[in-house]
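Student: What would the 3D arrangement of this be:
(chains A and B)
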Amino acid sequence: MNLPLREVEPQAEAAAPAMPHIFVRALSTPPGAPWEQARAARLDSRHGAPLPLAELMHQVRRLDRWAPGQPGRYAAFYIRAREFREPFESSVEVDGRTVRVKFGASSPDLRRFQGAGAALLAITLCGAILGTGVTLALAARREAETRLAAEEQLAASRLKLAQAHRDRSNQARDLRALVGHARPLGEVLGDLTWVATSKTPEARLTGVHWERGLLAVEARGEQPPFLAVDRPIERSPKPLRAGVWLWAVGRPQDLVEQPRPVAAELGP
Amino acid sequence: MTRKPTPKAIDVAIALAAGAAGALVLGVALSALATPHDFEARTAALGEKASRAETLLRPVRDRGSFGVEALCTRDPMEQAKLLHETVTAEATSAGLALDSLETRLEPAPEISERVTPVRLRFSVTGSYEATVGLAALLSRARPQVFVDSLDLVPKVSNVTLSISGRVYCGA
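Tutor: Numbering: from 1, shown residues only, chains lettered A, B, ... in the order given. Modelled structure (predicted):
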């Protein structure tokens, strides 16, 4: 139900300059549930707006109490949006009763709201920064702990290996004393090679013996079986068997270390 | 003529200083939080361990001493078995007759109780080249074979090579 629109001069409180004009429409809705009546009033206020809704600010207020089977009485209040400067309140006469109308929030409320919003935003921001910082710091700490533990494990392994290496080095150093007169097989083969390459073509060797650093060769005949002069050789005083003599072969350095007997009588 | 700062500018300056101080304190606190509490001590211990390892890894070879590769790293029993298998396999491969072969552990010497000698004694018969070839192969093997005695005796067209030596195993 549409009721006539009238313009009301707002009763300005204190000295409120240039207060927007409030247009009032009294509305009536058919009997029904309170929410249905409220919905009908809202629809009516929109359809019956004096100007396009985009140019208006409006609100709907119920004027009477709801009662079953009774129509609802409402009032729609409009102001031009372009006239709205700041929140304001005003008293408006509608159907013989005074209604307080409030457009927008009051300034102190708005400021308080803005202040609370800013404080909330600041607290949220600070919390986010602090939380992120703490999270990142804890992650960095965990990473450092992990890396440190890995480094410690590696260092312990390296130290253990180094200790084992040192132990073995010490043992290898002591090996010279352990082996006594024994020689690495490679050195002994060197002596065998010397025998093979230094013997005369006529020499008839019947045995080569190497023991505890001493080299001796069995050869038939009294003639020296070797041509080389880089090692001292000496024949045994007596033959080993008939026609077989034992020749002691010294080391090359024995030629320098004079005087020193080079013969070592081996065998039977 | 100097301009007096407005109260608002002073407030801003105080706020900025407070913000900077807060950021500094926050940075220091986060830095402390990000560092494990015993970081310095553990890092120092790591450095010490690295230094000790470096010292231990320095060569200790005296003039004329053997390298670490001269020693065997295996269990002595295992090394004895390996020597036995090697000599048998190589002699067979070279076509030599394996007259005798013995490998056994010997008691540790008094001067170095942590070293175990493994006695190797064998005798093979075959061509001169094959017998010396077997000896050459053993001479290149590691650990080193230290020879106490070697006899090379010709027998008709062949030679018999007898070697008695030892291999040393560290603990």
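
Student: contacts and neighbour counts: CA atoms only from here.
Tutor: Will do.

Student: Find the residue at the geometric middle of the chain.
Tutor: Here I'm looking at chain A. When CA atoms, centre = their mean is applied to chain A, the residue found nearest the centroid is A:E143 (6.3 Å).

Student: Please refer instead to chain B.
Tutor: Closest-to-mean residue, chain B, CA atoms, centre = their mean: B:V68 / 8.1 Å.

Student: Show me what the helix or strand containing B:G133 is packed up against.
Tutor: Assigned by DSSP states H and E, B:G133 belongs to helix B:128-140. Judged by 3 or more CA pairs under 8 Å, 6 or more residues apart in numbering or on different chains; DSSP states H and E, the packing partners of helix B:128-140 are helix A:185-198, strand B:158-169.

Student: will you turn those into TSV that also has distance to B:L56?
Tutor: What follows is the helices and strands packed on helix B:128-140, written out as TSV (distance: least, CA to CA, whole Å):
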stretch	distance to B:L56
helix A:185-198	30
strand B:158-169	20
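
Student: between the ones you listed, which gets nearest to A:E152?
Tutor: Nearest to A:E152 among the helices and strands packed on helix B:128-140 is strand B:158-169; the distance by CA to CA comes to 30.8 Å.

Student: CA-only coordinates of the closest one in PDB, if you can.
Tutor: Taking Å, rounded to 0.1, in the frame of the first residue of the first chain, the C-alpha atoms of strand B:158-169 are listed here in PDB:
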ATOM      1  CA  ASN B 158     112.100 -77.200 -15.100                       C
ATOM      2  CA  VAL B 159     112.900 -75.300 -12.000                       C
ATOM      3  CA  THR B 160     111.600 -75.600  -8.400                       C
ATOM      4  CA  LEU B 161     111.000 -72.400  -6.600                       C
ATOM      5  CA  SER B 162     110.600 -72.500  -2.800                       C
ATOM      6  CA  ILE B 163     109.700 -69.400  -0.900                       C
ATOM      7  CA  SER B 164     109.200 -68.900   2.800                       C
ATOM      8  CA  GLY B 165     108.000 -65.500   3.900                       C
ATOM      9  CA  ARG B 166     105.500 -63.600   5.900                       C
ATOM     10  CA  VAL B 167     102.700 -61.100   5.500                       C
ATOM     11  CA  TYR B 168     101.900 -58.800   8.400                       C
ATOM     12  CA  CYS B 169      98.400 -57.900   9.500                       C
END
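
Student: For that strand, report the contacting residues that lie outside it.
Tutor: A:182, B:70-76, B:115-128, B:131, B:143-154 (CA atoms under 8 Å, 6 or more residues apart in numbering or on different chains).

Student: can you count the residues close to A:G207?
Tutor: 18 (other CA atoms under 10 Å in any protein chain shown).

Student: My read is that it contacts B:V153, right?
Tutor: Yes. Assessed by CA atoms under 8 Å, A:G207 is found in contact with B:V153 at 4.4 Å.

Student: Could you double-check that B:R142 sits in contact with B:R74?
Tutor: No. If you go by CA under 8 Å, B:R142 and B:R74 don't touch, sitting 11.3 Å apart.

Student: where does the stretch 1-150 of chain A dip in pLDDT?
Tutor: A:1-17, A:105-110 (pLDDT under 70).

Student: mind running it again at 50?
Tutor: A:1, A:12-14 (pLDDT under 50).

Student: Write out the residues of it neighbouring chain B.
Tutor: Applying CA under 8 Å from any CA of the partner chain, one finds that the stretch 1-150 of chain A approaches chain B through A:G133, A:V134, A:L136, A:A137, A:L138, A:A139, A:A140, A:R141, A:R142, A:A144, A:E145, A:L148.

Student: could you measure the second one against A:P87, distance?
Tutor: What that stands for is A:V134. 44 Å (CA to CA, to the nearest Å).

Student: These two - which one has more neighbours?
Tutor: A:V134 (18 against 14).

Student: out of the contacts of strand B:158-169, which are inside helices?
Tutor: Residues of those located in helices (DSSP state H): B:P76, B:Y128, B:T131.

Student: neighbours of the spatially closest residue to B:G170 that is not a sequence neighbour, just the number please.
Tutor: Closest residue to B:G170 apart from its sequence neighbours, by CA to CA, 6 or more residues apart in numbering or on different chains: B:V115 at 4.6 Å. Around B:V115 there are 24 other residues, counting by other CA under 10 Å.

Student: pLDDT score for B:V115?
Tutor: On the pLDDT scale, B:V115 is placed at 86.

Student: One more: B:Q144?
Tutor: With respect to pLDDT, B:Q144 has a value of 93.

Student: Name the nearest residue to A:W210, ignoring sequence neighbours.
Tutor: B:L150 (4.9 Å).

Student: count of residues packed around that neighbour?
Tutor: 24.

Student: Check A:Q253 too.
Tutor: A:Q253: 11 neighbours (other CA under 10 Å).

Student: Ok, B:R166 next?
Tutor: So B:R166, with other CA under 10 Å, has 27 neighbours.

Student: thinking again about what came up before, correct me, but the residue nearest to A:W210 touches A:H209?
Tutor: Yes. Look at B:L150 against A:H209 with CA under 8 Å: they come within range, at 5.9 Å.

Student: What does the pLDDT read for the residue lying farthest from the centre of chain A?
Tutor: Going by CA atoms, centre = their mean, the residue of chain A most distant from its centre is A:A242, 88.2 Å out. Each residue has a pLDDT score; the one for A:A242 is 89.

Student: That one and A:T200, how far apart?
Tutor: Distance from A:A242 to A:T200, by CA to CA: 21 Å.

Student: Please enumerate residues in contact with stretch A:60-73?
Tutor: Under CA under 8 Å, 6+ apart, the answer for stretch A:60-73 is A:26-34, A:37, A:41-42, A:45, A:74-77.
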